[in-house]
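**Q** give me a 3D structure for the following:
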Amino acid sequence: MSNQFQALIENRRTIYAIGKNVKQSTDELVEIIENAIVHAPSAFNSQTSRAVLLFGSEHTAFWEIVFDKLKEFLPTDEAVAATRGKINSFAAGVGTVLFFEDMDVVKSLQEQFALYADNFPVWAEHSTGIAQFAVWTALAENGVGASLQHYNPIIDDQVHAKWEIPSNWKLRAQLVFGSIEAPAGEKSFIDNAIRFKVFK
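**A** Modelled structure (predicted):
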């Protein structure tokens, strides 16, 4: 069985070798990203997902924040050099999406629907995951490579201060994107019998 959606999700891969040679303008990329998040589903249509889109020097500044913070934990010069190379590969891209969840909305829902109070933080994690997948797939559909990173929570304070992010926005992930300078590596899959149970 083959269809357009299946092709789209199969085409979404982790691309580490990215550059700035995208065909889209910044405005076009913003539209792709915003549209994907707006139409991503959320529990109770709560629309808890928030995003900060960084381009140009703002994108570069973010990855410098990450590197400066990581240096505090690196034990050797060799580790610093290796990390510098990794962060440079992210900075080589054209932009970064910072994904947040609005915890004020989550708390409001907990108050309104006390029976489900324990579930709303979990459902918020579902929402951000879906939003991340939607953006990643939309970018891939437009020939833009990306990889999802998670340097939160060690960078949270610096990010909130640098871009004046509301305190109720909780950083969940960072999607760095750009032109595809080298294809994704081979991907292996575990046997379906391990992952699925089907009853007929």
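**Q** CA only for contacts and neighbour counts going forward, please
**A** Noted.
**Q** what about the nearest residue to residue 102 once chain neighbours are set aside, how many residues nearby?
**A** In space, and not counting its chain neighbours, residue 102 is closest to residue 169: 4.6 Å by C-alpha to C-alpha, 6 or more residues apart in numbering. Counted with other C-alpha atoms under 10 Å, the neighbours of residue 169 add up to 19.
**Q** my read: residue 169 touches residue 101, true?
**A** Yes: applying C-alpha atoms under 8 Å, one finds residue 169 in contact with residue 101, separated by 5.4 Å.
**Q** overlap in contacts of these two?
**A** residue 50 (C-alpha atoms under 8 Å, 6 or more residues apart in numbering).
**Q** still on that earlier bit, dump the residue contacts of the residue nearest to residue 102.
**A** 50, 100-104.
**Q** quick one, longest helix in this structure?
**A** helix 120-141 (DSSP state H).
**Q** who's in contact with that helix?
**A** Counting by C-alpha under 8 Å, 6+ apart, 8-9, 11-13, 32-33, 36-37, 40-43, 47-49, 99-101, 106, 109-110, 145-146, 172, 175 sit against helix 120-141.
**Q** ok, for residue 166, nearest residue in space, not its chain neighbours?
**A** That would be residue 160: by C-alpha to C-alpha, 6+ apart, it lies 7.1 Å from residue 166.
**Q** pLDDT (mean, whole number) over the helix or strand hosting that neighbour?
**A** Using DSSP states H and E, residue 160 sits in helix 156-162. Throughout helix 156-162, pLDDT has a mean value of 98.
**Q** which helices and strands sit right next to that helix?
**A** helix 56-71 (3 or more C-alpha pairs under 8 Å, 6 or more residues apart in numbering; DSSP states H and E).
**Q** going on from the helix it packs on, what's the next piece of helix or strand?
**A** Per DSSP H and E, the first helix or strand lying C-terminal to helix 56-71 is helix 77-91.
**Q** follow-up on the earlier one: buried ones from the contacts of helix 120-141, can you make that a PyMOL selection?
**A** The PyMOL command for the buried members of the contacts of helix 120-141 (criterion: 16 or more other C-alpha atoms under 10 Å) is given here:
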select buried, resi 9+12+13+32+33+36+37+40+41+42+47+48+49+99+100+101+106+109+110+145+146+172+175
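**Q** scan this structure for its longest strand.
**A** Ordering each strand of the chain by length in residues (DSSP state E) puts strand 169-180 first.
**Q** so where's the chain shaky on pLDDT?
**A** 1-2 (pLDDT under 70).
**Q** contacting residues for the residue nearest to the spatial centre of it?
**A** The centroid of the chain falls nearest to residue 175 when counting by C-alpha atoms, centre = their mean (3.5 Å). By C-alpha under 8 Å, 6+ apart, the contact set of residue 175 is 96-99, 132, 136, 146-149.
**Q** try it again with 6 Å
**A** Going by C-alpha atoms under 6 Å, 6 or more residues apart in numbering, residue 175 touches 96-97, 147-148.
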